[in-house]
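Asker: Quick one, structure for this:
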Amino acid sequence: MSLDIKKMIGESFLDIANAMETGTFGKKICVGITTIGSEHGVENIVKGAEKAALSGDFDVVLIGPKVETALRVVEANTEEEAHKKMEELIDSKEINSAVTMHYSFPIGTSTIGRVVTPAFGNDMLIGTTTGTSATNRTEAMFKNSLYGIATAKAIGIANPSVGILNVDSSRAVERSLRKLADNGYAINFGESKRADGGTIMRGNDLLMGSSDVMVTDSLTGNILMKMFSSYSTGGSYEASGYGYGPGVSFDMKRTILILSRASGVPVVEGAIKYAALLGKNDLAAIVSKEYEMIKKAGYEEILAGFVEAPKKPVEEFVKPEKEVVTAQISGIDIMDLDDAALELMRNGIYAEAGMGCTGPIILVNDA
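Answerer: This is a model prediction of the structure:
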């Protein structure tokens with residue numbers, strides 16, 4: 001009998017034994033985590049991994065220097081070596097997903113973080129927290145929205161609500177998403193808990209977790225992750241949440257999640273559990289399925305609209321006389337604010353650009 005056949009028989013008996021013990025048949029999900037690079041030391045990562053493994057629903061493999069632990073260790077002594085081993089383990093399907101620190105994703109990929117919001121203890125996905133979905137800001141946030149929806153579905157939220165944080169380009173992103181929805185791609189638009197409602201979310205909505213997916217740019221998302229994870233500790237130790245999440249793109253092949261180097265034991269544990277769920281439900285397959293649906297809803301045509309046209313030279317015109325302006329036109333993106341005011345005045349309507357409590361506005365006469 002060959003060694004390969006003996007190994008297969010041994011693994012089969014082990015699977016049967018595990019199934020009898022846990023009541024779950026089929027091969028267990030396995031998550032790898034690299035242990036090198038934490039500001040709190042290797043032992044911090046190991047402890048978080050051991051706590052995550054106690055659930056018994058999945059296996060955990062450590063990728064890093066040899067340590068005293070009951071978990072399996074794949075030895076690696078540098079970050080570069082650990083990342084290489086991690087990728088090999090995923091590609092060979094020995095592990096279903098992985099968690100690591102300081103991993104570089106290509107342009108087009110960004111991470112979907114997961115936090116616990118303080119007001120009601122709601123989980124909320126933040127799209128996005130690191131990486132660059134696109135070099136055009138509005139296009140990037142549009143993609144972040146879709147990556148967030150796919151990730152929410154991969155953790156079991158069948159119809160995730162989507163809110164857009166009130167940052168630059170939020171209105172343009174909302175218009176693009178509504179166009180996609182009008183074309184047949186189902187989007188459950190979230191509603192702000194503030195009195196005036198709407199899909200554009202305020203700071204209060206962040207604290208309350210008003211939407212399952214909160215869309216923003218990656219720099220803002222990165223700051224939010226740090227605030228949510230360490231607001232109770234002073235900043236040096238991230239103690240809450242699930243980390244910066246998986247790198248998502250429409251051509252993704254590996255499910256790799258990111259942790260901050262400041263992540264403490266609770267976040268390490270949370271990130272591994274997040275990775276196990278995404279591995280179990282096959283995030284890449286769900287992303288691929290969503291991509292096919294959005295393509296049918298005119299995704300490529302919407303993307304083409306993000307290409308910036310060259311600026312037209314400003315034509316000379318006579319400005320209308322100054323008037324008292326007390327009426328507001330809201331829903332203007334900050335990037336288009338000056339152009340919008342100029343366009344009104346070019347058509348004989350006096351207008352001023354301003355900033356209201358809900359964002360950029362154009363001020364005009366009540367008439």
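Asker: how close does the spatially most central residue of the chain get to Ala140?
Answerer: With distances taken as C-alpha atoms, centre = their mean, the residue of the chain nearest its centroid is Ile112 (1.5 Å). Distance, Ile112 to Ala140, by C-beta to C-beta, to the nearest Å: 13 Å. Backbone N, C-alpha and C define where each C-beta goes, glycine included.
Asker: Between those two, which contacts overlap?
Answerer: Taking C-beta atoms under 8 Å, 6 or more residues apart in numbering as the criterion, Ile112 and Ala140 both touch Thr128.
Asker: in stretch 131-150, what counts as buried?
Answerer: Of the residues in stretch 131-150, 131-134, 137-150 count as buried by neighbour count, 16 or more other C-beta atoms under 10 Å.
Asker: Give me the mean pLDDT for that stretch.
Answerer: Averaged over stretch 131-150, pLDDT sits at 94.
Asker: now, which of the buried residues of stretch 131-150 lie within helices?
Answerer: 137-150 (DSSP state H).
Asker: what helices or strands is the longest strand along the chain leaning on?
Answerer: If you go by DSSP state E, the chain has its longest strand at strand 123-132. Packed against strand 123-132 by the contact rule (3 or more C-beta pairs under 8 Å, 6 or more residues apart in numbering; DSSP states H and E) you find strand 109-116, helix 137-154, strand 213-215, helix 218-230, strand 245-248.
Asker: Among those, which comes closest to Ile90?
Answerer: With C-beta to C-beta as the criterion, Ile90 lies closest to strand 245-248 of the helices and strands packed on strand 123-132, at 12.0 Å.
Asker: Can you give the strand pairings for that closest one, parallel or anti for each?
Answerer: Next to strand 245-248 in the sheet, as set by DSSP bridges, lie strand 109-116 (antiparallel), strand 256-259 (antiparallel).
Asker: Go through those and pick out the most buried.
Answerer: The highest mean neighbour count among the strands paired with strand 245-248, using mean count of other C-beta atoms under 10 Å, belongs to strand 109-116: a mean of 27.
Asker: Using CSV, list the CA coordinates for that one.
Answerer: C-alpha atoms of strand 109-116 as CSV (Å, rounded to 0.1, in the frame of the first residue of the first chain):
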residue,chain,number,x,y,z
THR,A,109,-8.6,45.5,-4.3
SER,A,110,-9.7,46.9,-1.0
THR,A,111,-10.6,45.5,2.4
ILE,A,112,-14.0,45.3,4.1
GLY,A,113,-13.6,45.9,7.9
ARG,A,114,-16.0,44.7,10.5
VAL,A,115,-16.6,46.6,13.8
VAL,A,116,-18.9,46.6,16.8
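Asker: Run the chain-centre distance for it.
Answerer: 3 Å (C-alpha atoms, centre = their mean, to the nearest Å).
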